[in-house]
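Student: pasting the sequence and the predicted model now:
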Amino acid sequence: MLEVNLRHALGALELDLQFSAPPGLTVLFGRSGAGKTTVINAVAGLLRPDAGRISVSGRCLMDTERGVFLRPEARRIGYVFQDARLFPHLNVQQNLSYGQWFARHRPPRADRARVVEMLGLGPLLERRPDALSGGEKSRVAIGRALLAAPDILLADEPLAALDETRKAEILPYFERLRDEMNVPILYVSHAVREVARLATTVVVLDGGRILRQGAAAEVLADPSVLPTGARDAGAFLTAIVQDHDEDGLTTLDASGMPLILPRVAAPVGAVVRVRIAAHDVILARHRPEGLSALNILSGRVQEVRAGDGPGALVVVDTQAGRILARITRRSALALGITPGIAVFAVIKSVSVAPADVGG
């Protein structure tokens, strides 16, 4: 468990916050300038805050009242930056060994062979950084950080410098870190899809303050705390891969309800998390017929949240899980959308992108 309590003035930013990061992957989320990198640098020891306390699993890293401030190299922290920051004169194997050198006096967190296998680094070991793609450099940087036997792994927008193809390459590796390694992760991002796919816990920052914190599914369903409001609101469904069809579609079992999506890169039987954006959901009072959309989920309206503009966010509970639908207030009025009524949520298969499906 990471415990953070900070107060710090940095230019116009007045940081004043307190949060706990439980096991799993905790995302610091918010607009540029919200204070995310300031917080993660304070945890790393790259910034000395005006006041506060930081501890990892009860081990104090900083406490201004007691005069405690451990040097960065004494904090047992792995840090993955936006740019990989590999040593250009060393090959991949030697860069990984540099991480191990820092852990030589304490038990390793991960076996080197396992890290190499998990991150797919085997074919890259003899290459130097200038012969690696952006995604490959990121994987090496993650491996080096893990082999430093960290008590916590920090990642400051590690995918920001990558194109969409490279991001799609790296995301599964962070999922494996989250699920397989016994190392809590504090991850900085302002990309909703990235957060939705990776986060177990979300801490939303704005102007140095915490707007909301909690489970990812709950926080990302609240448009009032999202940087772009209702436009990025969405819901998660947990489902099991049931079948891969010959026409390029995958059928999922979402708590007994079928969900058909473009081919999912997971084997039959795998459990996946699917983000469905609220603006991709259409509501109907009666089961529609003659539609091209393949997914029609029956449910009941739990809540209707009217926005400042012409829109409304409708919360629908279905057997598959909670769905959000972003519709106009005019449509809500015309259909009589009120809490308690039965509705059908219509979702186009192709509206769910591969980046919206994670392990």
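Tutor: On my side now, so go ahead.

Student: quick check: domain ranges of this protein?
Tutor: Here the domain assignment for the chain is 2-220, 234-358, based on automatic domain parsing.

Student: near G120, how many other residues are there?
Tutor: Per other CB atoms under 10 Å, the neighbour tally for G120 reads 15. Backbone N, C-alpha and C define where each C-beta goes, glycine included.

Student: look up which helix or strand the closest residue in space to it that isn't next to it in sequence falls in, please.
Tutor: Closest residue to G120 apart from its sequence neighbours, by CB to CB, 6 or more residues apart in numbering: R139 at 6.6 Å. Assigned by DSSP states H and E, R139 belongs to helix 134-146.

Student: what's the offset of that helix from the middle of its chain?
Tutor: Remark: helix 134-146 is offset 18 Å from the chain centroid, using CA atoms, centre = their mean, to the nearest Å.

Student: other SSEs contacting it?
Tutor: On a contact count with 3 or more CB pairs under 8 Å, 6 or more residues apart in numbering; DSSP states H and E, helix 134-146 meets strand 77-80, helix 92-102, helix 112-118, helix 164-180.

Student: ok, 10 Å please
Tutor: Judged by 3 or more CB pairs under 10 Å, 6 or more residues apart in numbering; DSSP states H and E, helix 134-146 is in contact with strand 77-80, helix 92-102, helix 112-118, strand 152-156, helix 164-180.

Student: isn't M118 up against R178?
Tutor: No. Applying CB atoms under 10 Å, one finds M118 not in contact with R178, separated by 11.8 Å.

Student: would you mind measuring the gap between the ends of stretch 46-54?
Tutor: Length of stretch 46-54, first residue to last, CA to CA, to the nearest Å: 13 Å.

Student: the stretch 1-150 of the chain: strands as residue ranges?
Tutor: Using DSSP state E, counting those that start in this stretch, the strands of the stretch 1-150 of the chain run over 2-10, 13-21, 25-29, 51-56, 59-63, 68-69, 77-80.

Student: could you dump those to a markdown table with distance to L146, mean pLDDT and mean neighbour count?
Tutor: Shown next, in a markdown table, are the strands of the stretch 1-150 of the chain (distance: least, CB to CB, whole Å; pLDDT from 0 to 100; neighbours: other CB atoms under 10 Å):
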| stretch | distance to L146 | mean pLDDT | mean neighbour count |
| --- | --- | --- | --- |
| strand 2-10 | 17 | 93 | 18 |
| strand 13-21 | 18 | 92 | 17 |
| strand 25-29 | 14 | 94 | 28 |
| strand 51-56 | 16 | 95 | 18 |
| strand 59-63 | 19 | 95 | 18 |
| strand 68-69 | 25 | 95 | 14 |
| strand 77-80 | 6 | 90 | 25 |
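
Student: who wins for proximity to G134 among the ones you listed?
Tutor: G134 lies closest to strand 77-80 among the strands of the stretch 1-150 of the chain, at 13.2 Å (CB to CB).

Student: can you list the weak-confidence ranges in this protein?
Tutor: When residues are selected by pLDDT under 70, those of the chain lie in 102-110, 227-229.

Student: all helices for it, in order.
Tutor: Remark: helices assigned in the chain by DSSP state H are 36-44, 92-102, 112-118, 134-146, 164-180, 192-198, 216-219, 329-335.

Student: same list, these, but as CSV with distance to A266 and mean neighbour count please.
Tutor: Converted to CSV, these look like this (distance: least, CB to CB, whole Å; neighbours: other CB atoms under 10 Å):
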stretch, distance to A266, mean neighbour count
helix 36-44, 30, 21
helix 92-102, 28, 18
helix 112-118, 17, 16
helix 134-146, 20, 24
helix 164-180, 10, 17
helix 192-198, 13, 22
helix 216-219, 19, 19
helix 329-335, 35, 14
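
Student: which of those sits closest to I240?
Tutor: Among the helices of the chain, helix 164-180 comes nearest to I240, with 15.9 Å by CB to CB.

Student: neighbours around the residue lying closest to P88 once chain neighbours are set aside, how many?
Tutor: Computed as CB to CB, 6+ apart, the closest residue to P88 that is not its neighbour in sequence is P129, at 5.3 Å. The number of residues packed near P129 is 19, by other CB under 10 Å.

Student: pretty sure P129 is touching R144, no?
Tutor: No. Here P129 does not reach R144: they are 11.3 Å apart, not a contact under CB under 10 Å.

Student: need the residues touching each of those two.
Tutor: Counting by CB atoms under 10 Å, 6 or more residues apart in numbering, the common neighbours of P129 and R144 are 84-87, 92, 95.

Student: who does the residue nearest to I142 when sequence neighbours are not counted form a beta bridge with?
Tutor: Nearest non-adjacent residue to I142, counting by CB to CB, 6+ apart: V80, 5.6 Å away. Listed by DSSP bridges, the beta-bridge partners for V80 are A155.

Student: is it true that V80 touches I185?
Tutor: Yes. Applying CB under 10 Å as the test, V80 and I185 come out as touching, 9.3 Å apart.

Student: now do the shared contacts for these two.
Tutor: Residues touching both V80 and I185 by CB under 10 Å, 6+ apart: 153-155, 174, 177.

Student: nice, that's everything, thank you.
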